[in-house]
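K.L.:
need coordinates for the following:
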Amino acid sequence: MTDKNSSGSTVKYSPGLSLRQKAVSLRKSLDDCRSRNAELISQLERTEFESKLLREINTAITSTFELQEILSLILQVLTTLVNTQGVSVLLVNETDNTLRIAESYGLSTKDIENFYIYYARLNEGIFYEMTIEKKPRFFDCDTGIFPLLLSVPLISRNKVIGFLNIHSMYKNKPLTDEKTLLVYTLANQASIAISNAQMFNAMREQAIMDQCTGLYNFRHFQQRLDEEMVSAEENREPLSLMILDIDHFKHVNDTWGHLYGDTVLRELANLLKRNVRSGDTVCRYGGEEFAVIFPRCDHQVALRIAERIRVRIEETTANDRRGIFKEPITVSIGVSGFVTGISKNILIRQADLALYWAKNNGRNRSHVFNPELERDYEIYCKK
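P.N.:
Modelled structure (predicted):
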């Protein structure tokens, strides 16, 4: 004999069962239904939560063009949704065809070292294969060198721009099919946001870069000097400015042509970048002039750096083993130091006056501003 319970499922009764046994059977069936309903409700709530979080992360990562902020948000959501413990985003550097770890959580120092030793170059290996295939790949729990469970290519305009990786799960929980689909969804959103941020940053860089030398342009120099002066004022730190001018550059262009002149500018720009600190700002000031902003550096130290640069340029161009320079190149340099209360224009003028002194006292030398230069310049202008 059969009957149907309140959930619609069929309950079988064996003849001869007592009323008590029938009640127990019905209660068990009802408990099973309640358990299944609770599981379905829990799954529905979880799905709604995940969908809401994905919508929120999509809004968040598409509302900013700051790449590091986007990457941090992506990994935060990934660890929340999928219960991951080790995650990373790798981005492709097209200039040298390499990968870099742009953001990561849960990777050890050894893991990071191994990545750069074995996987950073994109000319071979698993990431090169995935770049060609453009498909996600699952891995065993232990790859031996670099831990990987799942790697998903980040694709924009049919080109792989990076990878979203899961290295380990929280408390070794399994990476289920449902969680994997969430990773794929997040990877799609991440690809769009990262690509947009990269394009925005590229346009921003082009707006502040000098195309000939690859240095910051005059516009950025003005902005950066404003920022550094405010910082120096607020923190009561020294700040120095150096302006460098190539000696007899008109002769270089007239003798060897403007294409060679551009080569000289590029080579000197590279030499300047190699001989300053990472926090210093090197700019093309205009024509054959360069400027370097030295934060947290007083004018006497800046003068020593300027003199070192001057000597390095002279020696490099006079003993050129690469055959780039057709004749030795020398430079004249003026240095000024920030003093509380002076304006940007005055700081620049003081460096210019020091440069003017160097140019008018034999060239190929460095000089630091002192108040007497103002008087000398006024006398010169009156002649």
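
K.L.:
ok now stretch 205-222, how far from the chain's centre?
P.N.:
Centroid separation for stretch 205-222 versus its chain: 18 Å, with C-alpha atoms, centre = their mean, to the nearest Å.

K.L.:
start at 31, not 1
P.N.:
Done: numbering now begins at 31, and the last item shifts to stretch 235-252.

K.L.:
what are the contacting residues of it?
P.N.:
Applying C-beta atoms under 8 Å, 6 or more residues apart in numbering, the contact partners of stretch 235-252 are 253-254, 292, 295-296, 299, 302-303, 311-316, 320-321, 323, 374. In this view, the C-beta of every residue, glycine as well, is placed from N, C-alpha and C.

K.L.:
also stretch 301-315?
P.N.:
With contact meaning C-beta under 8 Å, 6+ apart, stretch 301-315 is reached by 240, 242-243, 245-248, 250-251, 254, 258, 273-274, 295, 299, 320-327, 335, 338-339, 342-343, 346.

K.L.:
redo that, cut-off 7 Å
P.N.:
Outside stretch 301-315, the residues that touch it by C-beta atoms under 7 Å, 6 or more residues apart in numbering are 240, 243, 245-248, 250-251, 254, 273, 320-325, 338-339, 342-343, 346.

K.L.:
just the buried residues out of those residues, in PyMOL syntax.
P.N.:
PyMOL command restricting the contacts of stretch 301-315 to the buried ones, with burial defined by 16 or more other C-beta atoms under 10 Å:
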select buried, resi 240+243+245+246+247+250+251+254+273+320+321+322+323+324+325+339+343+346
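
K.L.:
tell me the domain ranges of the chain?
P.N.:
32-75, 93-237, 248-408 (automatic domain parsing).

K.L.:
mind checking which helix or strand residue 235 is in?
P.N.:
Using DSSP states H and E, residue 235 maps to helix 207-238.

K.L.:
what angle do the following helix or strand past that helix and helix 207-238 make?
P.N.:
Heading C-terminal from helix 207-238, the first helix or strand you meet, by DSSP H and E, is helix 248-265. Angle, helix 248-265 to helix 207-238, by axes from the mean of the first three to the mean of the last three C-alpha atoms, to 10 degrees: 100 degrees.

K.L.:
hey, where'd the strands end up in this structure?
P.N.:
Assigned by DSSP state E, the chain shows strands spanning 32-34, 40-42, 114-123, 128-135, 167-168, 180-186, 189-199, 269-276, 311-316, 319-325, 361-367, 396-398.

K.L.:
how about CSV for those strands, with distance to residue 105 added?
P.N.:
Shown next, in CSV, are the strands of the chain (distance: least, C-beta to C-beta, whole Å):
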stretch, distance to residue 105
strand 32-34, 51
strand 40-42, 49
strand 114-123, 5
strand 128-135, 5
strand 167-168, 19
strand 180-186, 13
strand 189-199, 9
strand 269-276, 37
strand 311-316, 31
strand 319-325, 32
strand 361-367, 44
strand 396-398, 48
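
K.L.:
in a markdown table: those strands, plus distance to residue 227 and mean pLDDT.
P.N.:
Output for the strands of the chain, formatted as a markdown table (distance: least, C-beta to C-beta, whole Å; pLDDT from 0 to 100):
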| stretch | distance to residue 227 | mean pLDDT |
| --- | --- | --- |
| strand 32-34 | 59 | 50 |
| strand 40-42 | 58 | 50 |
| strand 114-123 | 10 | 94 |
| strand 128-135 | 11 | 95 |
| strand 167-168 | 25 | 93 |
| strand 180-186 | 11 | 95 |
| strand 189-199 | 11 | 94 |
| strand 269-276 | 31 | 98 |
| strand 311-316 | 23 | 96 |
| strand 319-325 | 27 | 98 |
| strand 361-367 | 37 | 97 |
| strand 396-398 | 41 | 96 |
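
K.L.:
noted, bye for now.
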